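A.B. asks: for reference, the sequence and a predicted model appear below.
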Amino acid sequence: MLDENTRYRLLKLLQANPEMSQRQLAGELGVSVGKVNFCVRALLDKGLLKMRNFRDSQNKLAYAYYLTPKGARAKIRATTGFLKKRLAEYEGLQREIEELRREVGARQSR
């Protein structure tokens with residue numbers, strides 16, 4: 001359930017905004033709160049995140065999520081994988097665009 005894209009986006013969001021609630025994370029990621037809860041628990045179990053209560057929060061259920069050093073390394077690996085995947089998609093799109101341009105050019109010269 002914790003695919004590479006979700007892991008990358010979740011780690012990125014939590015590093016930038018450790019105080020985001022699971023509901024806010026779900027909204028940003030476009031997934032259910034249940035999926036976010038599952039993913040956060042998986043990251044906690046793997047030692048990639050640590051969780052702390054807000055000391056001055058009125059809401060005693062409010063938590064902040066911090067990347068551990070292991071989590072920071074995992075984020076770097078996830079970022080690298082995400083970048084490679086996006087570059088491959090980009091290069092594929094470039095090839096497709098060139099092919100379409102050639103096709104349109106050939107039809108226009110008829």
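C.D. replies: All right, it came through fine. All values derive from a computational prediction rather than experimental measurement.

A.B. asks: please count neighbours and contacts with C-alpha atoms only from this point.
C.D. replies: Noted.

A.B. asks: tell me which other helices or strands whichever strand or helix holds residue 103 touches.
C.D. replies: Using DSSP states H and E, residue 103 sits within helix 69-108. When contacts are defined as 3 or more C-alpha pairs under 8 Å, 6 or more residues apart in numbering; DSSP states H and E, helix 69-108 packs onto helix 4-16.

A.B. asks: same for the helix it packs on, what does it pack against?
C.D. replies: In terms of contacts (3+ C-alpha pairs under 8 Å, 6+ apart), helix 4-16 is packed against helix 22-29, strand 63-67, helix 69-108.

A.B. asks: where does residue 52 land in three-state SS?
C.D. replies: With DSSP: H, G, I helix; E, B strand; the rest coil as the basis, residue 52 sits in strand.

A.B. asks: wait, it sits on residue 63?
C.D. replies: Yes. Contact criterion C-alpha atoms under 8 Å: residue 52 and residue 63 qualify, at 5.4 Å.

A.B. asks: those two: which is more packed in?
C.D. replies: For residue 52 and residue 63, the more surrounded residue by other C-alpha atoms under 10 Å is residue 63, and the numbers stand at 19 against 13.

A.B. asks: what sits against the more buried one?
C.D. replies: Contact partners of residue 63, counting by C-alpha atoms under 8 Å, 6 or more residues apart in numbering, are 19, 21, 51-54.

A.B. asks: mind listing what's buried in stretch 81-101?
C.D. replies: Buried residues in stretch 81-101, counted by 16 or more other C-alpha atoms under 10 Å: residue 82.
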